[in-house]
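In: Need coordinates for the following:
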Amino acid sequence: QAQLEESGGGSVQPGGSLRLSCTGSGFTLVKYAMAWFRQVPGKAREGVLCYSSSTGNTWYADFVKGRFTISRDNAKNTMYLQMGNLEPEDTAVYYCVTDLDVKCPIDGVSSYWGRGTQVTVSS
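Out: Here you go, the predicted structure:
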């Protein structure tokens with residue numbers, strides 16, 4: 001059974017940076033496409049970005065605008081989301097997601113989700 005656990009959320013001022021972590025268990029993270037989603041209460045969840053090392057494909061939401069990058073530490077079975085130049089509109093719960101396939105983007109419908117980590121951007 002694949003499981004995902006996020007960490008690294010917190011509060012930051014506009015223009016600041018955060019790095020989120022996602023550690024997988026029950027599967028080898030590097031073999032599959034991995035994605036980050038986010039959700040604001042009362043709004044639909046939305047994809048942030050997705051990366052597949054198998055295909056070399058990367059998908060970004062338009063609002064990322066070059067501010068966010070994804071990386072992995074295969075020895076730790078962990079994926080990271082480095083977020084920079086954060087804006088108040090980035091405030092959301094961020095989720096790590098996989099559907100144990102190699103394709104990006106992931107639609108999140110039949111997927112494994114972590115519990116999420118809160119990111120708050122406020123002055």
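In: For the residue minimising distance to the centre of the chain, give me its contacts.
Out: Averaging the C-alpha coordinates of the chain gives a centre point, and the residue nearest to it by CA atoms, centre = their mean is residue 36 (2.3 Å). By CB atoms under 8 Å, 6 or more residues apart in numbering, residue 36 lies in contact with 20, 22, 47, 48, 49, 50, 70, 81, 94, 95, 96, 97. Placement of C-beta: from N, CA and C, glycine included.
In: For the host helix or strand of it, list every residue counted as buried.
Out: Residue 36 belongs to strand 34-39 when assigned by DSSP states H and E. For strand 34-39, the neighbour count (16 or more other CB atoms under 10 Å) marks 34, 35, 36, 37, 38 as buried.
In: Now flag whichever of these is closest to residue 6.
Out: Of all the buried residues of strand 34-39, residue 6 sits closest to residue 36, with 8.8 Å by CB to CB.
In: how close does the closest residue in space to that closest one that isn't next to it in sequence get to residue 90?
Out: Excluding the flanking residues, the one nearest residue 36 by CB to CB, 6 or more residues apart in numbering is residue 48, at 4.2 Å. According to CB to CB, to the nearest Å, residue 48 stands 9 Å off from residue 90.
In: quick one: common contacting residues for the two?
Out: Common neighbours of residue 48 and residue 90, counting by CB under 8 Å, 6+ apart, are residue 38.
In: on that earlier part again, kindly present the buried residues of strand 34-39 as CSV, with separate columns for pLDDT and distance to residue 107.
Out: Below are the buried residues of strand 34-39 laid out as CSV (pLDDT from 0 to 100; distance: CB to CB, whole Å):
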residue, pLDDT, distance to residue 107
34, 95, 14
35, 96, 9
36, 97, 14
37, 97, 10
38, 97, 15
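In: As CSV, those residues with distance to residue 105 would be great.
Out: What follows is the buried residues of strand 34-39, written out as CSV (distance: CB to CB, whole Å):
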residue, distance to residue 105
34, 11
35, 7
36, 11
37, 10
38, 14
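In: For those residues, name the two members farthest from one another.
Out: Checking the buried residues of strand 34-39 against each other with CB to CB, the farthest-apart pair comes out as 34 and 38, at 14.7 Å.
In: one step back: may I have the beta-bridge partners of the residue nearest to the centre of the chain?
Out: According to DSSP bridges, residue 49, residue 96 are recorded as the beta-bridge partners of residue 36.
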